[in-house]
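Student: Any chance you can model this:
(4 chains)
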Protein chains: 2
Amino acid sequence: MFMMHSTLRDATTTNKRSCGTLKETLKNYENILNNIKRYVPLNEEDEQQFISIVRTTKIKRRQFIVQPNFTCSHQTYVLKGAFRSYFVNDEGMEYTIQFAIEDWFISDFNSYVNQSPASLFVEALEDSTVQQIAYEDVESLCDKNPKFERFFRLVAQKSFTFSQRRVLSNLGKSAEERYLEFFNLYPSIIQRVPQYALASYLGMSPEFLSKVRKRLTTKS
Amino acid sequence: MFMMHSTLRDATTTNKRSCGTLKETLKNYENILNNIKRYVPLNEEDEQQFISIVRTTKIKRRQFIVQPNFTCSHQTYVLKGAFRSYFVNDEGMEYTIQFAIEDWFISDFNSYVNQSPASLFVEALEDSTVQQIAYEDVESLCDKNPKFERFFRLVAQKSFTFSQRRVLSNLGKSAEERYLEFFNLYPSIIQRVPQYALASYLGMSPEFLSKVRKRLTTKS
DNA sequence: ACTAGTTCAAGATAATTTCCTAATCCAGTT
DNA sequence: AACTGGATTAGGAAATTATCTTGAACTAGT
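Tutor: Model prediction:
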């Protein structure tokens, strides 16, 4: 199963740091800073503090940024591109936990918060540019500046409510309803991810997803 | 559907405040404070700050502390007793989101964090004693004292990882495996909750849960 | 442009789980 | 202590979804 994928390389060591002009660099941080500012106001100094722990990296399609048994040392913000995190069980079945496109964070969050060995793969679905922040840096930043403590609290709370909504969909909705819900919530993601990955996110076989889609398109 | 349940009453207004001796009162707060101290150290003053926003209440079996369309104004810590939160869809099907026994928090978390109308019921499964903290009080406490900001961040992060684990179980495990996982993780809860509630948590019909249980007991 | 490897579609069959009905069992109430 | 309504157990028919297979259509890399 492992052999199907390209060899793991640690993104933070094998990829060149992106380094363009100053203007370009500032523009690179605009997105992630605006993301934070949706939750907490930041002044110039706050922004500098945050930027100082961010590291920009390019990731090639099919490359892994997290792999089972290695501790997930970073949270990854997607500046450009697409990722998915997934679990592979003993029989080699894949279960997709999360997709991430521009402006989303992704990681093996369990591994990250407990700094324990990961159980998930996180793989680039396209050539991507990401910004990574290391666990220790985040924790000490939160220590130093409560604004970031709050930001990460609010994000975690929101993530939790999203996950609970997904649990509810899994419990209460049929395969077709789950597809429609995803289609309405994340239309842009559907176009960009392979069908087997989407099927494994929605909890159905790829064949059945194909049938659901056909039923829906011939209906309308 | 509503009529099947006992009439809703707002716990915070209809229940008498528990008021025993001073010693008894301190003992009442010991549990919840120890719970917090598993995440962040608290000094005397921190403890006082927290205690000042906590309100202790008794809840009768079958009483609701949250109901759809009413905003969930409090987080509830279970000092003694048992609760469950669940969603009821248009056809009247129930889906259990969470159980909570001693030392757990429960609420309609989505309603609570967004201060928007709830979609869940939260119902007492036994006569219970709870400690509630109001949204505004929590937010201003977090503002005032970053230790609590951190506590709630860490709790939210942990809750998120738990929810993700559950998503994974729903995706990858069979009904029997999901039951066994729950049985191993929360043996004490199984004894205390009705079977139909557990079935609706595990994502199977009560009849099927009965069959699963029988299969397992006759096997061993 | 060619080739190898992925991805998607479609049908037949099989497995899982629900749905329905009825019979017991149990707890709370009178 | 008997009553009553809800909860659990049981069994078989029915529905949903998975699995397996094959072939066609794309896609990426050479």
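Student: who touches the helix or strand that contains residue A:140?
Tutor: Element membership for residue A:140, per DSSP states H and E: helix A:135-144. For helix A:135-144, contacts defined as CB atoms under 8 Å, 6 or more residues apart in numbering or on different chains pick out A:49-50, A:53, A:73-75, A:112, A:115, A:148-149, A:152, B:150, B:153. Just so you know, the C-beta spots here come from the backbone N, C-alpha and C atoms, and that holds for glycine as well.
Student: Show me how to select, in PyMOL, the buried members of these.
Tutor: Selection of buried members from those for PyMOL, criterion 16 or more other CB atoms under 10 Å in any protein chain shown:
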select buried, (chain A and resi 49+50+53+73+74+75+112+148+149+152) or (chain B and resi 150+153)
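Student: Of the contacts of helix A:135-144, which is the nearest to residue A:89?
Tutor: Set against residue A:89, the nearest of those by CB to CB is residue A:112 (21.2 Å).
Student: Return the subset of the contacts of helix A:135-144 lying in strands.
Tutor: A:74, A:75 (DSSP state E).
Student: Go through the contacts of helix A:135-144 and name the one nearest residue B:164.
Tutor: Closest to residue B:164, out of all of these and judged by CB to CB, is residue A:112, at 11.5 Å.
Student: and the two most separated of the contacts of helix A:135-144?
Tutor: A:49 and A:115 (22.1 Å).
Student: Give the burial count for the residue in chain A that DNA strand C sits nearest to, as a bare number.
Tutor: Distances between chain A and DNA strand C by CB to the nearest atom of the strand are smallest at residue A:195, namely 2.5 Å. Neighbour count of residue A:195, defined by other CB atoms under 10 Å in any protein chain shown: 13.
Student: for it, what are its contacts?
Tutor: Residues near residue A:195 by CB under 8 Å, 6+ apart: A:206, A:209, A:210.
Student: 10 Å instead, please
Tutor: Neighbouring residues of residue A:195 by CB atoms under 10 Å, 6 or more residues apart in numbering or on different chains: A:206, A:207, A:209, A:210, A:213.
Student: which non-adjacent residue is nearest residue A:53?
Tutor: residue A:137 (3.9 Å; CB to CB, 6 or more residues apart in numbering or on different chains).
Student: ranges for the helices of chain A?
Tutor: Using DSSP state H, the helices of chain A run over A:11-14, A:22-37, A:44-51, A:109-114, A:135-144, A:146-172, A:175-185, A:187-192, A:195-202, A:206-219.
Student: Keeping just the C-alphas, turn the third one into PDB.
Tutor: Read it as helix A:44-51. Taking Å, rounded to 0.1, in the frame of the first residue of the first chain, the C-alpha atoms of helix A:44-51 are listed here in PDB:
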ATOM      1  CA  GLU A  44       1.600  45.900  13.600                       C
ATOM      2  CA  GLU A  45       3.600  44.200  16.400                       C
ATOM      3  CA  ASP A  46       1.200  41.300  16.700                       C
ATOM      4  CA  GLU A  47       1.600  40.700  12.900                       C
ATOM      5  CA  GLN A  48       5.400  40.800  13.200                       C
ATOM      6  CA  GLN A  49       5.300  38.300  16.000                       C
ATOM      7  CA  PHE A  50       3.200  35.900  14.000                       C
ATOM      8  CA  ILE A  51       5.100  36.300  10.800                       C
END
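Student: could you check the angle helix A:135-144 makes with it?
Tutor: Angle of helix A:44-51 versus helix A:135-144, following axes from the mean of the first three to the mean of the last three CA atoms, to 10 degrees, is 160 degrees.
Student: follow-up on the earlier one: how many neighbours does the residue nearest to residue A:53 have?
Tutor: For residue A:137, the count of nearby residues is 18 (other CB under 10 Å).
Student: Relative to residue A:143, how far out is it?
Tutor: Residue A:137 is 11 Å from residue A:143, where distance means CB to CB, to the nearest Å.
Student: Then residue A:46?
Tutor: Relative to residue A:143, and taking CB to CB, residue A:46 is found at 14 Å.
Student: Looking at these two, which is more packed in?
Tutor: For the pair residue A:46 and residue A:143, the greater number of neighbours falls to residue A:46 (19 against 12), based on other CB under 10 Å.
Student: pretty sure the more buried one contacts residue A:150?
Tutor: No - applying CB atoms under 10 Å, one finds residue A:46 not in contact with residue A:150, separated by 11.4 Å.
Student: Around DNA strand C, pick out the residues from chain A.
Tutor: A:4, A:194, A:195, A:196, A:206, A:207, A:210, A:211, A:213, A:214 (CB under 7 Å from any atom of the strand).
Student: okay, and the helix or strand of chain A with the least pLDDT?
Tutor: helix A:11-14 (a mean of 37; mean pLDDT, DSSP states H and E).
Student: Low-confidence ranges, chain A, go.
Tutor: A:1-26, A:218-220 (pLDDT under 70).
Student: 80 instead?
Tutor: Within chain A, the ranges that satisfy pLDDT under 80 run A:1-27, A:217-220.
Student: the domain parsing of it - what is it?
Tutor: Following automatic domain parsing, one gets these domains for chain A: A:2-161, A:173-220.
Student: What's opposite residue A:122 in the beta bridge?
Tutor: Under DSSP bridges, the beta-bridge partners of residue A:122 are residue A:66, residue A:85.
Student: That one: neighbour count?
Tutor: Around residue A:122 there are 25 residues (other CB under 10 Å).
Student: ok, the residue nearest to residue A:213 when sequence neighbours are not counted - contacts?
Tutor: Distances taken as CB to CB, 6+ apart put residue A:179 closest to residue A:213, at 7.3 Å, once the chain neighbours are dropped. Counting by CB under 10 Å, 6+ apart, residue A:179 touches A:173, A:190, A:198, A:199, A:202, A:204, A:208, A:209, A:212, A:213, A:215, A:216.
Student: again, 7 Å this time
Tutor: By CB atoms under 7 Å, 6 or more residues apart in numbering or on different chains, the contact set of residue A:179 is A:202, A:209, A:212.
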